[in-house]
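> here is my input; please provide its structure:
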Amino acid sequence: MDIDVTFIMTVYNKEYYLPSVLKALFAQTGLVNPEYIFIDDASTDNSVNIIKEMSKDIKNVTIIANAQNKGISIRTNQGIEMAKGEWCRILDSDDILPLDSTEKMLHLAKSLPADMVYGRFVKTGKEPKELENCKIEEDFTYKYNQNALMGVLTGRFTRMGQLIKTSVIKKANGADERVFIQDETIPIRAAMHAKGVVKMDANVVLVPQEIGNFSGNKIQLDHDRFLAYYWAIKDNSHLSEKVMRLMYGRALSAYWKFVRKTSKKPYFNVAFFNYLVCKIFKCQPDMEYLDKIYDIFSAQTGIRRIAK
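Residues are numbered from 1 along each chain as shown. So this is what the prediction gives:
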């Protein structure tokens, strides 16, 4: 029997979340023959044993226990390469999925049609156990854009939880391994090859109370968001002027957020002027300026970077 959806989960020291995450994952409704790929990034806690125990009666399970910690993007791509399903749904090991979220995403993808579907995530502040049996709100709305890249660049596309056709995400080569966190690079790269995207106005990922994950490191997020668009611009000079303007604006926005956090007088910084000019006049990328920003980010300490 063909596999309909491959769930890909990277794991690093998430034993607190995993029992509830896995309970909701294995209870996803409306699936015929799902596949589960777990890629552990050298956890030092009980994460791998929890996955083994909770999945022992589940079919189509692959658990990769890596001996070396290399980062989220590399481990995500390790899972993508192995995926056999028609669709991929990639999630973090602290993401709890509403029980009917994948079913509803699949229905929209097939009926519109679209190669990508994404929705909102919500930080609930709740204990993981409180979220195990949640479902999507009944009367959610959605928007369809035949141009997937424009749909991603003009919508709020962040964090995990998207459903993407496997052939598309493999053609895009998955996450950009030059960027540690994959949240921005996967949708950008996949959208360049996708036919149609759906944005659901519904919470398809529920985030429990957060303990020690990367969302607490705002500099890391600014760094990785900038790099996602920096490399997308550098690698794809063939894209339209409109797309380039949008990606340039997002790169400058990431840098401006960084300056606001790190400068004593951010509004006197050239970053604010350039961000404002780009927002008003919709400028084309200034590669010399982007290279300077890249050098500034590269000099930052306390940032996780890809370990080759």
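> pLDDT score assigned to the residue nearest to the spatial centre of the chain?
In the chain, the centroid-proximal residue (C-alpha atoms, centre = their mean) is Asp183; its distance is 2.7 Å. Listed pLDDT for Asp183 reads 89.
> which residue sits closest to Lys195, ignoring its sequence neighbours?
Asp115 (5.2 Å; C-beta to C-beta, 6 or more residues apart in numbering). For every residue, glycine as well, the C-beta is placed using N, CA and C.
> that neighbour and Met192 touch, don't they?
No. Look at Asp115 against Met192 with C-beta atoms under 8 Å: they stay out of range, at 11.1 Å.
> compare the two (neighbour count), which wins?
Applying other C-beta atoms under 10 Å to Asp115 and Met192 shows that Asp115 carries more neighbours, namely 23 against 18.
> how much space between the more buried one and Ser55?
Counting by C-beta to C-beta, to the nearest Å, the separation of Asp115 from Ser55 is 28 Å.
> tell me the helix or strand right after the longest helix along the chain.
When the chain is parsed with DSSP state H, its longest helix is helix 241-262. Later in the chain than helix 241-262, the nearest helix or strand by DSSP states H and E is helix 270-281.
> now do that next one: distance to the chain's middle.
Relative to its chain's centre, helix 270-281 lies at 27 Å (C-alpha atoms, centre = their mean, to the nearest Å).
> and if you look at stretch 258-266?
Averaging C-alpha positions (C-alpha atoms, centre = their mean) puts stretch 258-266 26 Å from its chain's average.
> stretch 37-54 too?
20 Å.
> C-alpha coordinates for that stretch, CSV please?
C-alpha atoms of stretch 37-54 as CSV (Å, rounded to 0.1, in the frame of the first residue of the first chain):
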residue,chain,number,x,y,z
ILE,A,37,10.7,9.3,10.5
PHE,A,38,12.4,10.4,13.7
ILE,A,39,15.9,11.8,13.4
ASP,A,40,17.7,12.3,16.7
ASP,A,41,20.5,14.8,16.8
ALA,A,42,22.6,13.1,19.5
SER,A,43,20.2,13.7,22.4
THR,A,44,21.6,13.2,25.9
ASP,A,45,18.2,12.6,27.6
ASN,A,46,15.7,9.8,27.3
SER,A,47,14.2,11.1,24.0
VAL,A,48,15.1,8.1,21.8
ASN,A,49,13.9,5.5,24.3
ILE,A,50,10.5,7.3,24.6
ILE,A,51,10.1,7.2,20.8
LYS,A,52,11.0,3.6,20.7
GLU,A,53,8.6,2.6,23.4
MET,A,54,5.7,4.7,22.1
